[in-house]
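# Provided below for reference: sequence and predicted model.
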Amino acid sequence: MAAYKTAQLDRVALDHRYIYYGIQRLFDIVASSISLILLALPFLIVAILIKRDDPQGPVFYSQIRLGKHQRPFKMYKFRSMVVDADKKLADLLKYNEVDGARFKMKEDPRVTRIGHFIRKYSIDELPQLFNVFKGDMTLVGPRPPLKREIRGYSEYAKQRLYVKPGCTGLWQVTGRNGVGFDEMVELDLQYIEKSSFWFDLKIMFMTVKIMVMPNSTY
């Protein structure tokens, strides 16, 4: 990645981009509504597979994340891990394979059999379309962090939270888990600085390509 470093972002100016945010919200509502209708049958199939793999656990998994200006909200996913995955995290932190305030482990023992498949193709993320429809998230934007992750953020990194979080973004289509924390922050801030409706569309098309031909997802 280039050594380019984003300048300090103007939070007030970002909050006043009313036309862009209005177009973005309208597109989010239309796109998420249509997607949820078209994906109803695939959602049912994934739900059945998750239940067959682990009958005792729920189909969906929800987690409190931080959105725009650190506002907490409940983010949804298809469950890809064992039921008590959060309780087992403390024992696995020493095996973290990414730097910074994130946890990723390629051979995470908490991931179920169907979980490996739906993670590889980002299917586990699709229920976030409900978050987009509700307005907690947008289709394109920085990924929403956990509360515990924020404790490791610098003031510079916290600029990621100046805008609404997204289902996909610039760093996801650039390198996914192969991108370190500092690079992720830079790519998110570059996206915020350059964000536009057409740039969002470009990232969405790149995201579809990655879902069909996955990169370093795990």
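Looks like it came in fine. Numbers count the residues shown, from 1 in each chain.
# which residues in this structure form helices?
11-15, 18-38, 40-53, 85-92, 113-120, 128-134, 147-150, 170-174, 181-194, 197-212 (DSSP state H).
# looking at those helices, which is buried most?
Among the helices of the chain, helix 170-174 has the highest mean neighbour count (mean count of other C-beta atoms under 10 Å), at a mean of 23. Where you see a C-beta, it was placed from the backbone N, CA and C, and this is true even at glycine.
# re earlier: can you lay out the helices of the chain as JSON lines showing mean pLDDT and distance to residue 79?
Output for the helices of the chain, formatted as JSON lines (pLDDT from 0 to 100; distance: least, C-beta to C-beta, whole Å):
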{"stretch": "helix 11-15", "mean pLDDT": "93", "distance to residue 79": "34"}
{"stretch": "helix 18-38", "mean pLDDT": "97", "distance to residue 79": "18"}
{"stretch": "helix 40-53", "mean pLDDT": "95", "distance to residue 79": "6"}
{"stretch": "helix 85-92", "mean pLDDT": "73", "distance to residue 79": "9"}
{"stretch": "helix 113-120", "mean pLDDT": "90", "distance to residue 79": "7"}
{"stretch": "helix 128-134", "mean pLDDT": "98", "distance to residue 79": "14"}
{"stretch": "helix 147-150", "mean pLDDT": "90", "distance to residue 79": "20"}
{"stretch": "helix 170-174", "mean pLDDT": "86", "distance to residue 79": "21"}
{"stretch": "helix 181-194", "mean pLDDT": "92", "distance to residue 79": "25"}
{"stretch": "helix 197-212", "mean pLDDT": "91", "distance to residue 79": "19"}
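# closest one to residue 157 among the ones you listed?
Between residue 157 and those, the shortest gap by C-beta to C-beta is with helix 181-194, which sits at 4.8 Å.
# for burial, what's the neighbour tally of the closest residue to residue 62 other than its chain neighbours?
Counting by C-beta to C-beta, 6 or more residues apart in numbering, residue 74 is the residue found nearest to residue 62 once chain neighbours are left out, at 4.9 Å. Neighbours of residue 74 under the rule other C-beta atoms under 10 Å: 12.
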